[in-house]
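Student: requesting a structural model of the entry that follows:
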Amino acid sequence: MGRACGDIDFATTATPHDVMTRVRAAGWKAVPTGIAHGTVTVVIAGRPFEVTTLRRDVETDGRHATVAFTRDFRADAYRRDFTINALSLDRDGTLHDYASGRDDAAHGRVLFMGEPEKRIGEDYLRILRFFRFHASHGQGQPDSEGLAACAALKAGIAQLSRERIRQELLKLLVAPGALLSVNAMQGIALWPVILHGAEPDIPAFSRVIVLENTLNREPDALLRLAALCGDHSAKGLDLKLSRHEEMRISDLNRHAPLFGNVLQEDSVLRRLVFVTDRHFSPSLLLCHARKDIDPQLTRGWLEKAKPILLDPPKNPFRSSDAARLGVLAGPRMGAVLKTALALWLDAGLPGDRSTQITLLKQAVTMHND
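Tutor: The predicted structure is shown next:
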């Protein structure tokens, strides 16, 4: 497809035990990451490569597969999900293509290997992979037969672990054709199945993409997810995000309403930069996507805030400052510092030290017994 390749996987007739023996004999590191399914990760000069023994399915239940090792490359290829994923290249550079995958890749066709319903029945995650690969490699509308099979079997997604869903979803949302796939998923009522009954905010999702493109920003999976899920919390939707990811989406949802639809004076911008911290820009984009605000106005916000973002205001109050005013360590000191910070924010974040100390003294007075 003329794209750079950043990930190379290997298939082999050697058993996992033989792979690890040979790899270690060569002085490399072998990690049995998925040895039950034939996969050993080989680390060479710090770079990981997955080496997997050829397999055939013995039994599948829509979530897990029981496999047996084989020496048949064709059998291994035919257990793949899509024709474009059934391609392999040997050490001499010969491309082995058992199902016209090369032609499908060239024309942006994401087609299931064999019967779509059979492939999906082996692993329901292939529904999401169908849309994810269409978003990353497809052209035009998704394959009609594949789409119909996804619609017929979408209830099977409930059998999947939420961790596997999360992994595919975050990859899908940042792919070049994400909006097309997101709309196609909505067309077969797939989103309520994924989001536990919640309806997606596709217009906001679309506008976030426009804003990112207009501002030349890299696709942000969590920002796009926050836009798509409205003000629902990631935890409530049970997407099994990491704690850091959940907190970031929570912060975006909390901060987005702080932004209005007109350019603000410097003091207001300084306060927003301080309150939102590193979430200023994505929170701004999320607010403007939800409110359908002109992208050029968003650009104006960011241009005006740029010097403040380069040198963001910092909390000027320390416990040592309060101690010098006679405040003892403990709950009262915490309350004094919190009040002083609120006074400082209300005053427009003054930078001169004398004004800051005056505000701290005022806070001390307010908390005198």
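Student: what kind of secondary structure is Ile30 in?
Tutor: Heads up, residue 30 is Ala, not Ile. strand (DSSP: H, G, I helix; E, B strand; the rest coil).
Student: list the contacts of it.
Tutor: Val19, Met20, Val23, Arg24, Val40, Thr41, Val42, Val43 (Cβ atoms under 8 Å, 6 or more residues apart in numbering). Every C-beta, even on glycine, is put in place using the N, C-alpha and C of the backbone.
Student: so which of those are in helices?
Tutor: Val19, Met20, Val23, Arg24 (DSSP state H).
Student: closest to Phe274 out of those?
Tutor: Val23 (52.2 Å; Cβ to Cβ).
Student: apart from its chain neighbours, what residue comes closest to that closest one?
Tutor: Excluding its sequence neighbours, the residue lying closest to Val23 (Cβ to Cβ, 6 or more residues apart in numbering) is Ala30, at 4.2 Å.
Student: pLDDT at the one you found, what is it?
Tutor: Note for Ala30: predicted pLDDT of 96.
Student: which residues of this structure fall in strands?
Tutor: Using DSSP state E, the strands of the chain run over residues 9-12, 29-34, 39-44, 47-53, 55-60, 65-69, 88-89, 95-96.
Student: okay, the angle between the second one and strand 47-53?
Tutor: Regarding strand 29-34 and strand 47-53, their directions subtend 50 degrees when assessed with axes from the mean of the first three to the mean of the last three Cα atoms, to 10 degrees.
Student: how far does strand 29-34 sit from the chain's center?
Tutor: 26 Å (Cα atoms, centre = their mean, to the nearest Å).
Student: equivalent analysis for the third one, please.
Tutor: When C-alpha coordinates are averaged (Cα atoms, centre = their mean), strand 39-44 and its chain have centres 25 Å apart.
Student: now the last one
Tutor: When distances are taken as Cα atoms, centre = their mean, strand 95-96 is centred 33 Å away from the chain's centroid.
Student: what's that strand packed up against?
Tutor: If you count contacts as 3 or more Cβ pairs under 8 Å, 6 or more residues apart in numbering; DSSP states H and E, strand 95-96 packs onto strand 88-89.
Student: for the closest residue in space to His255 that isn't next to it in sequence, what are its contacts?
Tutor: Leaving out its chain neighbours, the residue that sits closest to His255 by Cβ to Cβ, 6+ apart is Ser283, at 3.8 Å. Applying Cβ under 8 Å, 6+ apart, we find Ser283 in contact with Asp251, Leu252, His255, Ala256, Leu258, Phe259, Thr276.
Student: good, wrapping up.
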